[in-house]
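Chemist: Test case, fold it:
(chains A and B)
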Amino acid sequence: MSVMIQMKNPPGEPPPPPSRQYWICQAAGWGSFVLYTLGFYVVFATVRWEVLLSIVVIDGVLCPALTHGLRSWMYRRGWVKLPARSRLPRTIAAACVLAIGVSTLVFVVALLIPSNEGFDRVGAFWMFVTFLWAFNGWLMIYFALHARRQRDARELELTLDARNAQLDMLRAQVNPHFLFNCLNSVRALIAENPTRAASMVTSLSDLLRYSLQSDRKHTVSLAEELAIVDEYVSLERVRFEDRLLFERTLDPGSLEARVPPMLVQTLVENAVKHGVAALSQGGVVRVRAAVDGRSMTISVSNSGTMRREYDEDGHGLRNTMARLRLLYDHHASFSLTDVSGETVATVTLPLEPAHEHAAG
Amino acid sequence: MNTLLVDDERLARQELRRLLADHADITIVGEAVNADDAVTRLEDSSIDLVFLDIQMPGGSGFDVLERLERVPLVVFTTAFDEYAVRAFEVNAFDYLMKPVRPERLASVLDRTRTALSTARDTRPERPSLSTGRVFLRDGERCWIVLWSDIVLFEVEGNYARAYFGSNRPLIRASLNALEAKLDPALFFRASRQHIVNLRFIESVETAPDDTYIIHLKNRSEVPVSRRQSRQLRESLGL
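Modeler: Take a look at the predicted model:
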């Protein structure tokens, strides 16, 4: 069954405050119309000051006021939101009404001015046509500029939306494989070592909470981040036992430096995955942080060289790079290299807070 | 059932051991902690059942199976592996998600017992490859099939393509190597290009040049070479 949807006028709204561009166009448009009418009059008729004054008042004050009113009317009636095809007949009708009104006024004023020549029928008709053109021209220019502004605004909105969506999507998350293996270890420990099982549950809770809240803040201190990394490593130790060795070397100044949440955590998780989980004999994961002038370099290394077959895991690292780019633009860098039998992930960040532009 | 546990995490193996303790017919004969270890232990043909972790150091559970000529009954265990689980669901493999639910383990074991007893009834123990299962992989899809359910092997470069059902994955073995391993009572080398499963022959047609064309139940036609035609004639008593 098909349903017919009737196009009704979209709901109206009060007009927004006009832009500078609108006032400039109003002044320039009607200003030149006044000059044109005055010029026409001076060339073709005997000059009378009453007529000059009436032209200035009607063309230079009344017409701008009427069109400003028309703008407001079009907003309230929802015409601005109509598609051009259904808007056009309405605006032409409005221009006709205005042109008839103003022409009639001019015709009457011309009669009232003593010993004025006035209009014959042909003159009155051409005057009507002139006003009709003027109002329709006004509408054309108005909607052309209106459409352009709307397009610009939508583009800006889309860019912001896309950025926010990207940041949301890129929110680093705890790897589900790790999570369920952890829960499995907890289950095993409940029988073997209940105290350890209990502390594992607390660590896991802290890590999950931190990860879930990581999108609320753009940055955290490195100290906060490393506290969570410690929880994570303690959990992985339960799984991997003596296969996992963890070392950290930190510059004294680095602990206060700001980093995006889950940045170091993601790199450590990746290092454990490739440097410990993938190697039967296990391996070492090292975190180093060094402050150098206005930037900080964090490196996370793991035993073993990069292995291409683990391509699907590149996802976490691509995420990290994309987050860095969104937060710091080109001021941060990331690299992943093989150095003498170890894989080293290196991030360099500016020490000043992350740009808030990504927040929109 | 002689059972092998394969997982790189000690606690995971221990948890599985604890859960299996409720099932009296399960005898855990060993544990393996990585892919190489698992392959070595699985070459022992007395193992009936293996609980196999997917993500392990040195290769995945799938890699382990691919290296085996004869695959026991397999129950995959995984913590979270979207791709693998999709493969299981499509091909009805048995798998367990860690942490393991005891009821789920019980139902998996029930199915395993049935599968094992059917295998023992219909195919008495013979040390031939043809009685065992093989693990086959084609991109994201994988299967564990009985060798004897494969209809046809066809040469493809240095490897062979196995036809069964509507699937035709590649086997990383040459046709000659396969011929040497397969039970000649069940498989027939028709030509350089093909080995056919005798169980799946629908009819044999005589070609004008005194050779044969085998029509298989999957509606494919396999021409028999001149030399092999003679042998076919002898073995079928034509």
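
Chemist: For the chain, which residues score under the pLDDT cut-off?
Modeler: Looking at chain A here, since you left the chain open. Along chain A, the parts satisfying pLDDT under 70 run over A:1-11, A:161-162, A:164-172, A:306-316, A:353-360.

Chemist: right idea, wrong chain: chain B
Modeler: Answering for chain B: the residues below the bar, that is pLDDT under 70, span B:87-92, B:119-131, B:237-238.

Chemist: Relative to chain A, how far out is the residue sitting furthest away from the middle of it?
Modeler: In chain B, the residue that sits farthest from the middle, by Cα atoms, centre = their mean, is B:Pro208; the gap is 38.4 Å. Distance, B:Pro208 to chain A, by Cβ to the nearest Cβ, to the nearest Å: 52 Å. Yep, even glycine has a C-beta here, placed from its N, CA and C like the rest.

Chemist: That residue belongs to a helix?
Modeler: No: under DSSP: H, G, I helix; E, B strand; the rest coil, B:Pro208 falls outside any helix and is assigned coil.

Chemist: mind listing what A:Leu139 touches?
Modeler: Counting by Cβ atoms under 8 Å, 6 or more residues apart in numbering or on different chains, A:Leu139 touches A:Leu70, A:Thr91, A:Ala94, A:Ala95.

Chemist: Over to A:Leu156?
Modeler: Going by Cβ under 8 Å, 6+ apart, the list of residues near A:Leu156 is empty.

Chemist: Tell me how many other residues surround B:Ser235.
Modeler: By other Cβ atoms under 10 Å in any protein chain shown, the residues close to B:Ser235 number 12.

Chemist: any idea how far the residue farthest from the centre of chain B is from B:Glu221?
Modeler: Distance, B:Pro208 to B:Glu221, by Cβ to Cβ, to the nearest Å: 15 Å.

Chemist: centroid residue for chain A?
Modeler: A:Leu160 (1.0 Å).

Chemist: Which helix or strand contains A:Thr46?
Modeler: Following DSSP states H and E, one finds A:Thr46 outside all helices and strands.

Chemist: re earlier: how about the contacts of A:Leu139 in CSV, adding distance to chain B?
Modeler: Output for the contacts of A:Leu139, formatted as CSV (distance: Cβ to the nearest Cβ, whole Å):
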residue, distance to chain B
A:Leu70, 60
A:Thr91, 56
A:Ala94, 60
A:Ala95, 62
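
Chemist: And the buried ones among those, selectable in ChimeraX?
Modeler: Listed next is the ChimeraX selection for buried residues among the contacts of A:Leu139, using 16 or more other Cβ atoms under 10 Å in any protein chain shown:
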select /A:70,91,94,95
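
Chemist: Using TSV, lay out the contacts of A:Leu139 together with secondary structure.
Modeler: Listed next are those as TSV, based on three-state DSSP:
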residue	secondary structure
A:Leu70	helix
A:Thr91	helix
A:Ala94	helix
A:Ala95	helix
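
Chemist: near chain A, which residues of chain B show up?
Modeler: Taking Cβ under 8 Å from any Cβ of the partner chain as the contact definition, chain B meets chain A at B:8-12, B:14-15, B:18, B:33-34, B:36, B:55, B:57-58, B:79-81, B:83, B:97-100.

Chemist: Which secondary structure state is assigned to whatever residue of the stretch 251-360 of chain A ends up closest to chain B?
Modeler: For the stretch 251-360 of chain A and chain B, the shortest gap (Cβ to the nearest Cβ) falls at A:Ser280, measuring 4.4 Å. Of the three states, A:Ser280 takes coil according to three-state DSSP.

Chemist: My read is that it contacts B:Asn34, right?
Modeler: Yes: under the criterion of Cβ atoms under 8 Å, A:Ser280 makes contact with B:Asn34 at 4.4 Å.

Chemist: Alright, calling it a day.
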